[in-house]
Structures are given as C-alpha cells and as structure tokens.
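Participant: Make a model of this:
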Amino acid sequence: MALVLLYLVVLILLSIVLFGVASMLFGRGEQLPPLPRGTTATMLPASGVTGADVDAVKFTQVLRGYKTSEVDWVLDRLGRELDLLRGQLASARAAAGTDLAAGDGSRGGDPG
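Facilitator: Prediction:
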C-alpha cells in the first residue's frame, strides 16, 4: 500500500513540475482580443496584386473550414484585378494594332 501511495505522490509531483515547465515555455495562455465584428485580418494591396501577395493571404478558420466571406472577398478582389489587367492589355494591343495599321498606310510609294 505504501508503494502505491509513493507512486501517486511521485506522479503528482512530476505532473506539477511538467505543468510549471510547460507554463514557463509557452506562457500563461494570454489570447489576443478578437477582431471587431465586420473586420478581418485578410489583406491584399489596393492595386498591383502579385503572386507573393496571394501566397501571403491568410484566412480565419472556422468550424467548417475557412470563413466564407473572407474567401469570397479575396476571389472578388482578384477577379477585379484580372479584369482590369486584361482590359489594359487589350487596349495596349489595340493601340499597337492601330499604330501598325497607320504605319503601313503612311509609307505610300511603290516598293519597286
């Protein structure tokens, strides 16, 4: 019986020591205050989104995956950025095409 009591005392002391060491290593468990409702930590630059910006996006995890509103916001933002860039590319190509067409007509004269 004394042996069982000794094991129990050693187990309790060991648990106290391990708890103390873990508390010193990992802190006392302070948590950051929650973000105000309607705000998010998900961020993208206002314009000029790069691949590194997309890689750095973090979403809040909720019970069933990621917070849908944050994912939708990022996808909408990236969609608008893609539309803007494609529009700029199309207008640049159109301007280059009209410059080439104007350049061909302004040469005049016979080639031979």
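Participant: which residues make contact with the helix or strand bottoming out on mean pLDDT in the chain from outside it?
Facilitator: Within the chain, confidence by mean pLDDT, DSSP states H and E is lowest for strand 61-62 among all helices and strands, at a mean of 78. Strand 61-62 has contacts (Cβ atoms under 8 Å, 6 or more residues apart in numbering) with K67. (C-beta placed from N, C-alpha, C; glycine too.)
Participant: Buried residues, the lengthiest helix in the chain. List them.
Facilitator: In the chain, with assignment by DSSP state H, the single longest helix is helix 68-105. Neighbour-count burial for helix 68-105 flags E70, V74, R77, E81 (criterion: 16 or more other Cβ atoms under 10 Å).
Participant: Report the contact partners of the last one.
Facilitator: With contact taken as Cβ under 8 Å, 6+ apart, E81 is in contact with S47, V49.
Participant: one more time with 10 Å
Facilitator: With contacts defined as Cβ atoms under 10 Å, 6 or more residues apart in numbering, E81 is in contact with L44, P45, A46, S47, G48, V49, D53, V54.
Participant: Including distance to R64, could the residues you listed go into a markdown table?
Facilitator: A markdown table is the format used below for those (distance: Cβ to Cβ, whole Å):
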| residue | distance to R64 |
| --- | --- |
| L44 | 24 |
| P45 | 29 |
| A46 | 31 |
| S47 | 33 |
| G48 | 33 |
| V49 | 27 |
| D53 | 26 |
| V54 | 23 |
